[in-house]
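Q: Sequence first, then the predicted structure, then my questions.
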Amino acid sequence: MSPAQAAAAATSGGVKITLNCQIGNTGLGTFKVTANGSSSTVTVPCGGSATVTNPSWMPGATAAIDETAGPVGTRLVTNASVSLAPYVVAYFALALPCYPGVTTPGCPATSRAYRREIFPWWLVAVMLGSLLLATLGVILAQVWMVGQRIRYFHRLYFDNPEAFRGAMRNLALVPGMAWQIRLRSRLLRVPLPPGFDDAERVIREDTQRL
């Protein structure tokens, strides 16, 4: 082997970098390759490739690859590495687009204020408002039903006392109905029908009501 051939064999063939951009084939990426204490840079177009070499690079050494500049709106490739060889080593770089919420080299920082702006607070307000309106509607419906029930007992007691006792008997068969009428009538400040307490007591003590 001649001295020229020996020198060529002792030198790495370099690194061929191919850049694949997911945002299209427009743009350039600049890569810095460092090995054996020496660095070289190369510019690669999106969808294309370029080979970078350095006379100080030796086969078997590890070459660190960092993208110093890339297409607008893409994340930079950092901390990549390849093993050098007497021939040209291939390296495939992927330029991924930036997206909100994550800060990476080459992408602008996403501040907390920006995240608050894009959060759909109006949707939360609509959901809470709908929930409050639905709850209020249920409460008002219960209030209206209780008022109607109390007025019904008033009319029934005065028009037909016997029917009132029969209604109270049916009421006693419904668990918890009597105390609900009593509690809600106090909250609404609506008096109970005359004889309500006596009828409730009689029905409660009537062992044959079931």
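A: Done, it's in. Numbering: from 1, shown residues only.
Q: in what helix or strand does Leu94 lie?
A: strand 89-95 (DSSP states H and E).
Q: Per-residue pLDDT of the residue nearest to Pro108 when sequence neighbours are not counted, please?
A: Spatial nearest neighbour of Pro108, chain neighbours left out: Cys98 (7.3 Å); criterion: CB to CB, 6 or more residues apart in numbering. Just so you know, the C-beta spots here come from the backbone N, C-alpha and C atoms, and that holds for glycine as well. On the pLDDT scale, Cys98 is placed at 84.
Q: Next, count neighbours for Cys98.
A: Neighbour count for Cys98, taken as other CB atoms under 10 Å: 16.
Q: and what of Phe92?
A: Neighbour count for Phe92, taken as other CB under 10 Å: 11.
Q: And for the one 5 residues further on?
A: Residue neighbour count, defined by other CB under 10 Å, stands at 12 for Pro97.
Q: Next, give phi and psi for the residue lying closest to it once chain neighbours are set aside.
A: Residue nearest to Pro97 in three dimensions, not counting chain neighbours: Ile23, with 5.2 Å by CB to CB, 6+ apart. Note on Ile23: its backbone torsions stand at phi -100, psi 10 [degrees, to the nearest 10].
Q: Show me the strands in this structure, by range?
A: Counting by DSSP state E, residue ranges of the strands within the chain are 15-21, 28-35, 38-45, 49-52, 62-69, 80-83, 89-95.
Q: Make a markdown table from those and add distance to Val138 and mean pLDDT to it.
A: A markdown table is the format used below for the strands of the chain (distance: least, CB to CB, whole Å; pLDDT from 0 to 100):
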| stretch | distance to Val138 | mean pLDDT |
| --- | --- | --- |
| strand 15-21 | 57 | 92 |
| strand 28-35 | 62 | 93 |
| strand 38-45 | 65 | 93 |
| strand 49-52 | 68 | 93 |
| strand 62-69 | 60 | 92 |
| strand 80-83 | 61 | 92 |
| strand 89-95 | 56 | 91 |
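Q: who wins for proximity to Ala125 among these?
A: strand 89-95 (39.9 Å; CB to CB).
Q: Residues touching the closest one, excluding its own?
A: 12-23, 27, 29, 31, 44, 46, 63, 65, 67, 70-71, 74-75, 77, 80, 82-83 (CB atoms under 8 Å, 6 or more residues apart in numbering).
Q: same question, stretch 47-58
A: Against stretch 47-58 from outside (CB under 8 Å, 6+ apart): 10-21, 25, 31, 33, 35-44, 63, 84, 88.
Q: returning to that earlier point: for the strand holding Leu94, which positions count as buried?
A: In terms of neighbour count (16 or more other CB atoms under 10 Å), strand 89-95 has its buried residues at Val89, Tyr91, Ala93, Ala95.
Q: List the strands paired with that strand, with their directions.
A: Using DSSP bridges, strand 89-95 pairs in its sheet with strand 15-21 (parallel).
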